[in-house]
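Trainee: Prediction below, plus the sequence it came from.
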Amino acid sequence: MARRKQKRTRSTVKLKDVKRNILVERDENGVPHVTGDSWLDVLYGLGYVHSLDRATQFLFSRVVACGTAAESISDKPELLETDRFFRRVGLQLQLEQEVLDLDDHIREQIENYCEGVSDGIRSTRRSLPMWATGFKPQPWDTEAVLLVGKLLSFGGLAISQMQNERLLIELIHAGANEEALKELFAPRLDEVDFELLRQVHMSNQLSDQALDLLTDLPRLAGSNAWAVSPQRSASGHAMLASDPHLEINRLPAIWYEAVLRWGESYVMGATLPGCPLFAVARTEKLSWGVTYMKGDTIDYFVEDCRKTDSGWQYRRGDEWDDFHIRREVIQRKGAEPLEVDYLENDLGTLEGDPNDHGPGYYLTFRWTGSSGGGGDAIGTWLKLVASENAAQAMEISRACPQPTLCFVFADRDGHIGMQGCGRFPKRQREDQGLLPLPAWEPTSHWDGFLSSSLLPRVYDPPEGFLATANEIQNPLNGPLLVTQFLPDYRKRRIDQRLAELPKATLEDMFALQYDLVSLQARELLEVFLPHMSDGELKQRFENWDCRYDINSHEASLFQRLYVEIIMQVYGQEEIMGWRRALYICTRAGYSTMVLAAIDHQLKNKHSAWWRRCDPGVVIRRAVERLDQSHDVPWSERNSFQFVNRFFGSGRVGRMFESKPLPMPGCHATPFQGHVLNAATHEQTFAPSYHFVADMGESYAWTNLPGGPSESPFSRFYRSDVQRWLDGDYKLLDPTDVHPDAGA
């Protein structure tokens with residue numbers, strides 16, 4: 001990539017009714033540059049431009065999070081269903097107290113941001129989705145900021161742990177073989193009472209339409225972040241690269257780029273509309289990125305429930321106590337309100353209504369985020385902007401209570417570091433976390449929270465680089481922070497490439513963010529190939545570079561072979577059943593945990609699974625099931641369309657759809673290009689933002705699948721899409737003169 005100095009043009013944005021002395025300009029890509037006299041001024045400006053470009057996104061998110069979507073947007077069944085779900089979760093509870101608990105300095109910053117948001121809302125007309133639904137925007141306040149932050153922590157992150165745990169319970173209910181599951185997840189399920197779990201009354205899973213709404217939340221399915229020390233960089237300065245992975249095919253994009261400048265200071269990168277936070281960014285002193293640690297901060301408990309004259313009760317030992325009843329009234333647009341009673345106790349909120357099934361066993365759900373900390377979480381992001389160096393930033397981020405993240409830092413003094421964060425329950429039993437335990441036994445309960453000293457931490461490693469990509473991060477001989485089985489293919493591939501680069505350049509960082517090599521394919525082929533008959537297919541696999549390039553036929557063939565082998569081994573009715581096995585294979589975005597456990601067993605030649613059957617017979621039979629229809633370019637197997645987030649694929653939404661586009665990569669490649677068919681729409685997980693920074697310079701190189709504007713009629717609606725597809729990067733620079741990026 002050639003770079004040269006040149007002037008870039010910016011256009012001034014006309015502002016109405018602003019209360020601060022700020023200047024807002026857009027560069028040629030539509031990215032807003034906000035200049036002010038102070039940090040509080042530019043925070044106000046950030047709120048204002050969020051309202052100009054993304055008001056629908058965060059205003060709709062607020063009503064979803066507090067369970068008022070059926071009242072404020074539309075009385076659709078799926079919105080009413082999500083209202084009931086979020087009322088039960090209770091993200092909206094205790095917000096008033098959390099605001100009171102805020103540090104004065106943090107509260108002042110949030111209030112300035114909110115003032116900008118509210119002034120921006122008043123200065124603009126309602127968007128098309130607001131007008132179509134009759135939505136009436138309300139002013140933005142500190143409670144709204146904390147609520148959207150909690151929505152990101154729960155709806156985007158903790159809920160994936162919930163889905164994996166429910167999947168295991170559903171497999172048990174469906175009759176999956178007990179010993180087979182224990183072997184698959186050994187030793188996590190060794191002490192689990194399967195018979196008790198089979199008797200649990202499960203609440204109805206959310207409908208497909210409601211699940212689609214939840215997947216529309218900013219949900220981190222995976223992420224990559226790494227840093228390189230000066231001795232291993234060509235420039236002699238520390239470098240950082242970060243790319244959070246989310247659903248990317250719904251526009252507007254989740255992230256909103258912005259550049260803020262006050263005095264001699266600046267911050268620029270990806271912000272979350274509705275919150276004054278920079279998730280992936282840099283200042284003149286520090287750069288940072290994040291990945292989701294996939295830490296287990298939620299637990300289900302089995303409650304023994306009975307009905308008495310006083311109401312429903314739950315058991316603790318041999319004693320019975322009354323549930324507390326929290327009554328919620330859900331208003332509905334054009335319909336009668338719905339009253340819903342939620343049963344609560346010392347552990348959490350009961351799932352389902354025992355009046356429907358009678359006495360018996362039910363599940364209670366508990367999340368560490370229900371114990372507060374939303375204000376401290378937002379405060380963490382604000383403090384990072386003022387951090388002097390990586391060491392200070394690591395101390396700040398370690399105290400962040402939610403969500404569970406791994407922060408990666410690089411500073412201008414040449415230091416790099418990685419720090420985990422999150423509030424984790426102190427579980428009394430080693431087998432707790434992945435499946436529910438009986439709530440009537442005291443040893444099943446949490447005993448407070450773990451010390452932050454147990455969180456993963458790396459500072460200036462001797463290798464000269466560090467990386468994280470959603471791999472398991474558990475302390476040696478310590479408690480389990482991560483209870484799921486997680487694949488580490490992306491992490492190991494990134495480490496492999498960084499070790500091969502004695503003097504990494506910006507171009508090396510760009511190439512690694514778009515790397516398509518699958519270590520999963522490479523390692524599983526080492527198991528499969530010796531059992532395959534000689535012939536053209538075997539030779540093609542032997543010569544394949546294991547890259548999931550859009551033109552690769554071998555990628556399509558391997559993916560089908562992988563599915564067929566899983567079906568042969570695990571699809572037997574006495575093990576998992578073919579329907580459940582196929583679901584796990586074809587919706588890997590929801591069942592990566594199960595696939596990681598399966599891969600571990602398949603790669604172990606001495607596993608109990610291979611002892612049950614002849615691997616040669618299984619693999620050759622799977623090969624026989626491949627036919628000409630599977631020998632197609634990966635682009636035919638893995639393609640997607642951009643659709644509008646608010647209108648979907650309906651009659652109006654089809655006006656804003658893109659043509660089908662090929663998606664490179666898979667869930668095991670650094671460029672995690674994963675496409676699956678969800679209930680009512682196509683779902684993708686891929687890099688939602690690419691960010692690279694060299695701390696010897698003042699700028700950053702970025703791209704994202706979208707643009708600044710949420711309006712499909714704006715030229716900035718998808719202004720970065722082609723750049724994201726092509727692997728090209730634009731420049732973010734707080735100064736007036738900077739190098740140009742040319743392919």
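Mentor: In hand now; what should we look at?
Trainee: In this model residue 32 seems to touch residue 259, though I could be wrong.
Mentor: Yes: assessed by CB atoms under 8 Å, residue 259 is found in contact with residue 32 at 7.2 Å. Quick note: C-beta positions are derived from backbone N, CA and C, even for glycine.
Trainee: Could you list the low-pLDDT ranges of the stretch 101-250 of the chain?
Mentor: 156-157, 204-221 (pLDDT under 70).
Trainee: cool, the chain as well?
Mentor: 1-8, 156-157, 204-221, 431, 586-590, 649-653, 678-681, 736-743.
Trainee: So what's the residue count around residue 476?
Mentor: Counted with other CB atoms under 10 Å, residues neighbouring residue 476 total 4.
Trainee: What separation do you get for the residue in the chain sticking out farthest from the centre and residue 325?
Mentor: Ranked by distance from the centre of the chain (CA atoms, centre = their mean), the top residue is residue 309, with 45.0 Å. Here residue 309 is placed at a distance of 15 Å from residue 325 (CB to CB, to the nearest Å).
Trainee: Need the three-state assignment for the closest residue in space to residue 673 that isn't next to it in sequence.
Mentor: Closest residue in space to residue 673, ignoring its immediate chain neighbours: residue 665 at 3.1 Å, by CB to CB, 6 or more residues apart in numbering. Here residue 665 is recorded as coil under DSSP: H, G, I helix; E, B strand; the rest coil.
Trainee: residue ranges for the helices of the stretch 501-650 of the chain, please.
Mentor: In the stretch 501-650 of the chain, the segments counted as helices under DSSP state H, counting those that start in this stretch are 506-513, 519-528, 536-543, 553-570, 578-586, 588-603, 608-612, 615-624, 634-637.
Trainee: Remind me what the longest one packs against, helices and strands.
Mentor: Meaning helix 553-570. helix 519-528, helix 536-543, helix 578-586, helix 588-603, helix 615-624, helix 634-637 (3 or more CB pairs under 8 Å, 6 or more residues apart in numbering; DSSP states H and E).
Trainee: Adding mean neighbour count and distance to residue 24 as columns, could you present the ones you listed in CSV?
Mentor: Shown next, in CSV, are the helices and strands packed on helix 553-570 (neighbours: other CB atoms under 10 Å; distance: least, CB to CB, whole Å):
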stretch, mean neighbour count, distance to residue 24
helix 519-528, 19, 45
helix 536-543, 13, 55
helix 578-586, 17, 46
helix 588-603, 21, 37
helix 615-624, 17, 58
helix 634-637, 20, 40
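Trainee: Strands along the stretch 601-743 of the chain, start to end?
Mentor: 639-640, 643-644, 661-662, 674-677, 682-687, 690-694, 700-703, 730-732, 737-742 (DSSP state E, counting those that start in this stretch).
Trainee: Residue 347 is nearest to which of those?
Mentor: Each of the strands of the stretch 601-743 of the chain has some distance to residue 347 by CB to CB; the shortest is strand 682-687, at 32.1 Å.
Trainee: tell me how far that closest one is from the chain's mean position?
Mentor: Its chain's average C-alpha position is 11 Å from that of strand 682-687, according to CA atoms, centre = their mean, to the nearest Å.
Trainee: Identify the residues contacting that strand?
Mentor: Residues from elsewhere that reach strand 682-687 (CB atoms under 8 Å, 6 or more residues apart in numbering): 215, 221-222, 224, 243-249, 513, 589, 640-641, 643, 663, 665, 667, 671-677, 705, 724.
Trainee: Filter those residues down to the buried ones, PyMOL style.
Mentor: Applying 16 or more other CB atoms under 10 Å to these leaves a buried subset, and the PyMOL line that selects it is:
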select buried, resi 215+221+222+224+243+244+245+246+247+248+249+513+589+640+643+663+665+667+671+672+673+674+675+676+705+724
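Trainee: still on that earlier bit, output the strands of the stretch 601-743 of the chain in CSV; the columns should cover distance to residue 178.
Mentor: Output for the strands of the stretch 601-743 of the chain, formatted as CSV (distance: least, CB to CB, whole Å):
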stretch, distance to residue 178
strand 639-640, 38
strand 643-644, 42
strand 661-662, 42
strand 674-677, 29
strand 682-687, 31
strand 690-694, 45
strand 700-703, 48
strand 730-732, 54
strand 737-742, 56
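Trainee: So which of those is nearest residue 26?
Mentor: Closest among the strands of the stretch 601-743 of the chain, once you apply CB to CB, is strand 730-732, at 12.7 Å.
Trainee: helices or strands next to the helix or strand containing residue 393 in the packing?
Mentor: Using DSSP states H and E, residue 393 sits within helix 390-398. The elements that helix 390-398 packs onto, with contact taken as 3+ CB pairs under 8 Å, 6+ apart, are strand 286-292, helix 374-385, strand 405-411, strand 416-420, strand 457-459.
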